[in-house]
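J.: sequence-free structure coming up:
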Ligand SMILES: Cc1ncc(C[n+]2csc(CCOP(=O)(O)OP(=O)(O)O)c2C)c(N)n1
């Protein structure tokens, strides 16, 4: 029997199976117990595993993340839920000054195997500060791994891999995709390796790089442009934002000679710049056109009356593809 | 410390002295304001259900706390609300149309009337508390007779910013009023699981500032406590922490289901009958011969008219344009943003097939 799950169901299943599999796993967060988390990712887990393993914490992100660091250093594997990416900021100090550096500072004596899960991204008509996409903050900090799945299958496999990773992993869940569609997800525990991108669609004219909710936008644009202009796009889901899968990026642009990066984060100093830089370093002579970035703008993510105008659309991605194609 | 200061009992009887501070006109205004904001709140929930508004944070049950505290303020005072304190903002002079606009997803909903210092609803928990220390500090340094009030919930008292704010305010003796509405829950987490402290008011001891725990459904207690705190602040005697013990009847937001974490039916029945902040004042006013059915009907009609007018105003507000998002990010926009803006508004479409 093949089962189809939404991304949120896949995420719940990953935590459920790891809780059963490894007694060191603990979940911590605000409202994750009886309430099952604001997006219900931890639904019923407190009933199954009890309040010592699925912990409703006080409302204090620095407290949650800081305590999780200590738990991780002393034999536990904490999986923290932060309700929305922008609410991670009170705990930012703990992430960048401590979680990321513990291994380094103690010269490998201590390490922090923990996962920080948080919904991110726009497109759900959330109030102010519920739609941020600031993955760069974390990708910029040595010592962290940053993951952003775009499908239920990958979400489960990557989350299990994250919970088994010896280093702290920031696990960004695209809010818009939580319940957007279902996909076949195997019942057993499986891993999708951190650090590996995925070629979602092979193509020969232009490479499109995306992650999270933007993957679907990229796929849409690729399909439309193929139909309308006969261009063949290779669509690549980066899946891990740190470390980037350089080999897959380079192999693709060597083949196509053209690239478009799509992200909903602000343009300046966004990951698009890093990807372009990798391409410049490794494949400049293969390129037939400058790499285009289709991104959110350098403005705070606006409230929902014009939220959609902030987000890259398939239309904008198509324009970008045409610009590189006609350079 | 854990006893509640109360002036007006649930039965609508005076149980402590008004200290000659409350006149009849003020009492009637209190009632009228509470009725207004309650209707506003119910209307907002309906609008959200009809899809005319986004997610909304209701406050029904907390009217006495918000209205009583805001009514004690003077126009030059600074008000720092959370996402749930629109009643306080409205009473302090924010237009209802703006509040509607805010929840309809327009940034312009945060604009406060020019002569008032009403900050936008603060979405991150507890972070506005430190700002209220700063504005109050500046008022003090500039010899302005203004206080700053920061609203926050019981959950907020777990954040580091809460402690930093109280500590600063104590050290610099700023005219700040920390007004906690302890409604018993931070989304699903009851206060007993939020903190091992019995009360929030007792935390003031750690910073050596006065702390009071009051019946937050008793508007007289709220108002009188506020007046005292304000007097102390304006005399240069520093901050006060007020814990108003109250309850919110409904969901945390319209996106949330309280039945999952609390016994909604029983609690709200009990509360409505025994502790409803409007009910208690109405009984008192009626007993004083200051209120009756006719006045109630007139008020209700008047209030609903005002709310409808505000809604018309909000719904006829010009639609936001995409380029609006580029406004007010900096005093002078950067070349980067300017270029992006022209990209956003440029007529799209390019022709041609690759070579
Ligand atoms: C820093 C931060 N963390 C988490 C949230 C998500 N959140 C919004 S309201 C809320 C509960 C707040 O409870 P409380 O302070 O008691 O105020 P109430 O909503 O009950 O008025 C939470 C956890 C947030 N807005 N900001």
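T.: Now that the structure is in, tell me what you want to look at. Only a predicted model underlies this, so the values are computations on that prediction, with no experimental measurement involved.

J.: how about the closest residue to the ligand within the stretch 201-350 of chain B: what's its closest non-neighbour residue?
T.: Residue of the stretch 201-350 of chain B nearest the ligand, by Cβ to the nearest ligand atom: residue B:252 (5.7 Å). For every residue, glycine as well, the C-beta is placed using N, CA and C. In space, and not counting its chain neighbours, residue B:252 is closest to residue B:187: 4.7 Å by Cβ to Cβ, 6 or more residues apart in numbering or on different chains.

J.: same question, residue A:24
T.: Nearest one to residue A:24, counting by Cβ to Cβ, 6+ apart, is residue A:77 at 4.6 Å.

J.: make sure the one you found is actually in contact with residue A:163.
T.: Yes. Contact between residue A:77 and residue A:163 holds when scored by Cβ atoms under 8 Å: they sit 6.3 Å apart.

J.: list residues touching both of those two?
T.: By Cβ atoms under 8 Å, 6 or more residues apart in numbering or on different chains, residue A:77 and residue A:163 have these common neighbours: A:22, A:25, A:115.

J.: so which bits of the stretch 201-350 of chain B are right by the ligand?
T.: By Cβ under 6 Å from any ligand atom, the residues of the stretch 201-350 of chain B that approach the ligand are residue B:252.

J.: next, count neighbours for the residue in the stretch 151-300 of chain B positioned nearest to the ligand.
T.: In the stretch 151-300 of chain B, the residue that lies nearest the ligand is residue B:153 (2.1 Å; Cβ to the nearest ligand atom). Residue B:153: 27 surrounding residues under other Cβ atoms under 10 Å in any protein chain shown.

J.: tell me the confidence at the residue nearest to residue A:24?
T.: For residue A:77, the pLDDT comes out at 98.

J.: tell me the contacts of it?
T.: Applying Cβ under 8 Å, 6+ apart to residue A:77 gives the contacts A:22, A:24, A:25, A:26, A:113, A:114, A:115, A:163.

J.: in chain B, which spans are helices?
T.: B:24-49, B:63-71, B:86-92, B:96-103, B:127-141, B:160-172, B:191-194, B:204-207, B:219-234, B:264-274, B:277-287, B:293-315, B:335-345 (DSSP state H).

J.: in the chain, where is pLDDT below threshold?
T.: Just so you know, I chose chain A. Along chain A, segments meeting pLDDT under 70 span A:1.

J.: I was thinking of chain B, sorry if that wasn't clear
T.: B:1-2, B:266-267, B:347-355.

J.: go ahead and flag the most central residue of chain B.
T.: Against the mean C-alpha coordinate of chain B, by Cα atoms, centre = their mean, the closest residue is residue B:85 at 1.9 Å.

J.: tell me the spacing between the residue nearest to residue A:24 and residue A:162.
T.: The gap separating residue A:77 from residue A:162 is 10 Å, by Cβ to Cβ, to the nearest Å.

J.: overlap in contacts, those two.
T.: Both residue A:77 and residue A:162 are in contact with residue A:115, where contact means Cβ under 8 Å, 6+ apart.

J.: name the residues of the helix or strand where residue A:17 lies that are buried.
T.: Assessed by DSSP states H and E, residue A:17 sits inside helix A:7-21. For helix A:7-21, burial by neighbour count (16 or more other Cβ atoms under 10 Å in any protein chain shown) applies to A:7-19.

J.: what are the contacting residues of it?
T.: By Cβ under 8 Å, 6+ apart, the list of residues contacting helix A:7-21 from outside reads A:5, A:25, A:27, A:39-43, A:45, A:48-49, A:53-54, A:79, A:117, A:149, A:151-153, A:155-157, A:159-160, A:163, A:173-174, A:177-180, A:183, A:185, A:189.
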